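Q: Below are the sequence and a predicted model; questions follow.
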Amino acid sequence: MKYFIYIIIFISLLIGQISLLSFFPGNTKPDILLLGIIVLGMREGGIPAMIAACAVGFVKDAFTTSYLGASMLGLVVAGFMAGNYKHVQVKLGTKSKLVLFAVIILIYNFIYYLLFELKSGMNLFDLLLHSVVPAVFYTLLFAGIAHFLIPQGLLGTKK
Amino acid sequence: MPKEFKVIDIQFFSITRSEYLTFLVCIVLSLSLIFLNDNPQINNLRAVVVDSWAHTLQVISKYRSMAEMREQLTKLRHRTSYLLLENSQLRKAALENHRLRRMLDFKETSRHKLVAATVIARDQDPVVRSVVIDVGEKDGLKKDDPVILPAGIVGKLLRTGESTSLVQLYTDHNFRLACKIQRSRVNGLFQQKDSKTSVLTQIPKNADIRVGDLVVTSGYSYIFPAELQTAKVIDIKTDLPSLFKTVIVEPFVDVTKIENVFVIKAEDSVESRNSSAE
């Protein structure tokens, strides 16, 4: 039942990412699929996160002109890293969780744009400056807003 | 008083073997897809995925249109009282009539076979720019068919499914288009420089180009027919340490606002290209 709810959530996130967020103004959009994978990984462990990453990454890639598998690869790495959180034996504070989120988002974006750079021949530094940094910032900001809006918090640990 | 330190042996990570195995399988799968990107079967699979999502996206697109219509309706109600006073309701109807006639005239007078399409989804990526339209192979469309508007070019079909197609917009950083200056017939390559600027490159420093010149397709492309208006020159940079100058252009179509587009059928664009070459 729990995983069925996750499937529904991810289908909603996919629809949101593909069609609803695309009508928002501006170039950089928060990556809600990436957030979903990180949250799933942190809550349920790496295996469900990586399987979900494969499925949603594949569909997301089908709608872009980039390599099929580019988002998938990044999301799998993100899912694996987020899954490690479940094995951490010490209790992490808000700042540590925020840093962990930021690192995973940064690594995902770096992988995705590195592959994009290979295809388009764009300058990697330009990509980092104009795409990766805003994407990380915007996704983190969106995660923060979502954390405050959801009563139990993104990770279900808010009192 | 010295503090007493307690050494705790903390095991930070204890990743299981099954997690490593899943990670490995997923990575291999992703890399396989990346390396097999040009495989026709993979492209077909991509089209099937987009097609299978088409119905859901169409419903959302319709719902969005309804929401927009409701919003427009509220605005119109407010405006009606003002319009009644101004007696400009007829003028509004005339303007609408003019716009629709322009679209219809363009379709009728165009020497190309055009297929009208509606945008049903847009890509959210800052550098990869694409939209999904509601026409596909069943409408006789093929990969690389040009997508245009009466004002200018929009992009080309990157992939076609049964009833949907993925359009690569001219703002995509992988998009290149052979163009020329209409007045002086100087050839150049139209492409997106960054998220906001389009440029014409490969232009020799001594080429005759002025601000305000019209940029049209050159017809050297196997995709786009000749003389489709594309952009206008807004700035020329010659101080770069290069043999070429960079011409900053402003495309006529704002792709962030497109809702309906026309697709030129493939056979037709090739015929036009051949006739203009003759």
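A: Arrived safely. Numbering: from 1, shown residues only, chains lettered A, B, ... in the order given.

Q: any low-confidence regions in the stretch 151-278 of chain B?
A: In the predicted model of the stretch 151-278 of chain B, residues B:195, B:240, B:267-278 satisfy pLDDT under 70.

Q: Is B:Val199 in a helix, a strand, or coil?
A: Here B:Val199 is recorded as strand under DSSP: H, G, I helix; E, B strand; the rest coil.

Q: Verify the stated contact: it with B:Lys193.
A: Yes: the criterion here is C-beta atoms under 8 Å, and B:Val199 meets it with B:Lys193 at 4.5 Å. The way it works is simple: take the backbone N, C-alpha and C, and place the C-beta from them, glycine included.

Q: Whichever residue of chain B sits closest to chain A sits in which helix or strand?
A: Here chain B gets closest to chain A at one residue, B:Leu33, 3.2 Å apart by C-beta to the nearest C-beta. For B:Leu33, the element it lies in under DSSP states H and E is helix B:17-35.

Q: what's the answer for B:Ile42, then?
A: Following DSSP H and E, the helix or strand that holds B:Ile42 is helix B:40-86.

Q: Ok, B:Val132 next?
A: Per DSSP H and E, B:Val132 falls inside strand B:130-133.

Q: where do the helices sit along chain A?
A: Secondary structure of chain A (DSSP state H): helices located at A:2-15, A:32-44, A:46-62, A:70-84, A:94-120, A:124-127, A:133-149.

Q: which of those sits most buried?
A: Each of those was scored by mean neighbour count; the highest is helix A:70-84, a mean of 27, by mean count of other C-beta atoms under 10 Å in any protein chain shown.

Q: quick one: average pLDDT of the strand holding B:Val132?
A: Strand B:130-133 shows a mean pLDDT of 89.

Q: per-residue confidence at the residue most central in space within chain A?
A: In chain A, the residue lying closest to the centroid (C-alpha atoms, centre = their mean) is A:Leu34, at 1.3 Å. pLDDT recorded at A:Leu34 is 90.

Q: Now do the same contact list for it.
A: A:74-75, A:78, A:104-105, A:108, A:139 (C-beta atoms under 8 Å, 6 or more residues apart in numbering or on different chains).

Q: Lowest-confidence entry in those residues?
A: Least confident by pLDDT among the contacts of A:Leu34: that is A:Thr139, with 85.

Q: tell me which helix or strand of chain A sits lowest on mean pLDDT?
A: Across the helices and strands of chain A, mean pLDDT, DSSP states H and E gives its lowest value to helix A:124-127, namely a mean of 76.

Q: That helix near chain B anywhere?
A: Yes: residues of helix A:124-127 contacting chain B under C-beta under 8 Å from any C-beta of the partner chain: A:126-127.

Q: From the chain's centroid, how far away is that helix?
A: The chain centroid and the centroid of helix A:124-127 are separated by 21 Å under C-alpha atoms, centre = their mean, to the nearest Å.

Q: cool, and stretch A:127-134?
A: For stretch A:127-134, the distance to the chain centre is 16 Å (C-alpha atoms, centre = their mean).
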